[in-house]
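[1] turn this into a structure:
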Amino acid sequence: QCDKGSAAFVQVAGGDDRVVAPAGVEQIIEILRSPRPLDNVAGPAPRQSETAASLLARAESQSTLGGYRAEGGFEALATAISQGPEWVVEQVVASGLRGRGGAAFPAGIKWESVAAHDGTKFVVCNADESEPGTFKDRVLLENDPYAIIEAMTIAGFAVGAERGYLYIRDEYPVALRIITEALAAVRAEGLLGNDILSSGCTFEIETRRGAGAYICGEETALFNSVEGYRPEPRQKPPFPTDEGLFGRPTLVNNVETLANIPWIIRKGGEAFASIGTDESTGPKLFCVSGNVLEPGVFEVPFGATVRDLVSLAGGPTSDIAAVLIGGAAGAFILPDDLDLPLTFEATRARGIGLGSGVVIVFDSSVDLVEIVNRIAEFFADESCGLCIPCRAGTVRQSESLVRLASAGGDHTQELTILGELDLALREGSLCGLGQAASAAVQSALALGLIGDST
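    Below you'll find the model as predicted:
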């Protein structure tokens, strides 16, 4: 789960037995049957609620439907219904909310585009959180499921959809159990289904288990998975807002993006836009892990620096060698850049992506060559194989890095190959997986963390 130590130990055949953590059969059965994590097998830690939106406030004490409603839960839905769908979309546009899954596309534009279509439409919550180092959506799903359900229902009302799908990563069985229980509780209260709040509004949510692959987080591959096909990305255009799930206009937002919606409706889009910066509005959840003393999920306004987040995480375990921003699809920075503001505009100006909010700290004890090689292997393993640039390029990139690490003397040939592969992946891949597969490798080369940058 990225914010803790090893969760399991795979014994090499012929090796000596090693006890990683004492556990009996009874405890293992209890863990598997429990709808929520046990105290000593807890999920990722929500460490801070630093903004007015307080996305993590309820995540610190697992909410119930009664508790959620006592704190104003579903008041945003009532407000949305009373004000009308056009008003709701206007608030989302005014908020400046951008997608929190990596692409940072303005949420309001998506909502407007889907709302403009007639006929059957869908809302999809992308909970296939598969980026290495990311675990914020899991925290929200396990500890504040009602906010996500309310947000999806508001979205359905605003864009004119009567059905939503919550596509959840298959490796999140506890989150799936919790969200399933929450959906049943909400239905029983008349807050989901037919005639919601006696308004005549209809909206239903179905859960779908992910297919266990990184590519499933790509929205069009997700559509194929829901429809029962192999999870492969589709050509764009047409875009999902015009032709998405089952060929119908579809609104797709990820968990963190949707978690902001109830607050926006209660407080107004302008209030949300006052948090953060002009181009990066609102709060952001960051997953800080690696060589820090207190890894976890941190809520800060956009504009906080890398140094701020490392400090919130208790500081580094020793001298920092590099920090990976954005996960496997992101880029490295050096200790001199710890004061980089974490905003869409600041990271874009540096030629790196903010991604979904991953911050992995590496100290001087870490073999960064091995880390970069593992990132390359990850993309080679997770490529769906549909397009040649990604299918072949990720494998060749991984092979070239192995040769680069083992070669002595002149690295010119391998550096040339890696540069050519970078161009092919970025320009020729069908989807974001292939287009970002060389980002971390190229940043490591440029910073001299691996190979010979000269």
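[2] got the residue ranges for the strands in the stretch 351-454 of the chain?
    Counting by DSSP state E, counting those that start in this stretch, one finds strands in the stretch 351-454 of the chain at the ranges 358-363.
[3] what of the chain?
    Taking DSSP state E to define them, one finds strands in the chain at 46-49, 122-127, 163-168, 193-196, 201-209, 250-254, 283-290, 296-301, 320-325, 331-333, 358-363.
[4] residue ranges in the stretch 251-400 of the chain under the pLDDT threshold?
    Counting by pLDDT under 70, the stretch 251-400 of the chain contains no low-confidence segment.
[5] how about the helices in it?
    Assigned by DSSP state H, counting those that start in this stretch, the helices in the stretch 251-400 of the chain fall at 255-259, 261-267, 269-273, 306-312, 344-349, 368-382, 388-406.
[6] Y214 against E382, yeah?
    Yes. At 3.8 Å, Y214 and E382 qualify as touching, with contact defined as CB atoms under 8 Å. In short, each C-beta sits where N, CA and C put it, glycine included.
[7] what residues do those two have in common as contacts?
    Residues touching both Y214 and E382 (CB atoms under 8 Å, 6 or more residues apart in numbering) are L433.
[8] so which of those two has more stuff around it?
    Y214 (21 against 18; other CB atoms under 10 Å).
[9] which residues touch that one?
    By CB under 8 Å, 6+ apart, the contact list for Y214 reads 130-131, 378, 382, 433.
[10] looking at the strands of the chain, which is closest to K110?
    Among those, the nearest to K110 by CB to CB is strand 250-254 (5.8 Å).
[11] partner strands of the closest one and their direction?
    Here strand 250-254 is paired, per DSSP bridges, with strand 122-127 (parallel).
[12] contacts for the partner strand next, please.
    For strand 122-127, contacts defined as CB under 8 Å, 6+ apart pick out 101, 137, 141, 148, 152, 155-156, 159, 161, 163-169, 172, 175, 217, 219, 222-223, 226, 244-246, 248-255, 258.
[13] pull out the buried members of the residues you listed.
    Neighbour counting by 16 or more other CB atoms under 10 Å classes 101, 137, 141, 148, 152, 155-156, 159, 161, 163-169, 172, 175, 217, 219, 222-223, 226, 244-245, 248-255, 258 among the contacts of strand 122-127 as buried.
[14] and the pLDDT for G228?
    Here the pLDDT value assigned to G228 is 96.
[15] what separates it from A155, distance-wise?
    Counting by CB to CB, to the nearest Å, the gap from G228 to A155 is 24 Å.
[16] one more: Y167?
    The span separating Y167 from A155 equals 14 Å under the rule CB to CB.
[17] number of nearby residues for S113?
    16.
[18] that one against T241, yeah?
    Yes. With contact defined as CB under 8 Å, S113 reaches T241; the gap is 3.8 Å.
[19] mind listing the shared neighbours of these two?
    With CB under 8 Å, 6+ apart as the test, S113 and T241 both reach P249.
[20] let me see the contact set for L97.
    With CB under 8 Å, 6+ apart, L97 has these contacts: 106-108, 257, 260, 264, 272, 281-282.
[21] which one of the residues you listed is nearest A328?
    A328 has its nearest neighbour among those in T257, at 20.7 Å by CB to CB.
[22] most tightly packed of the helices of the stretch 251-400 of the chain?
    Greatest average neighbour count among these goes to helix 255-259 (a mean of 26), per mean count of other CB atoms under 10 Å.
[23] if anything else comes up later, I'll come back, but that's it for now.
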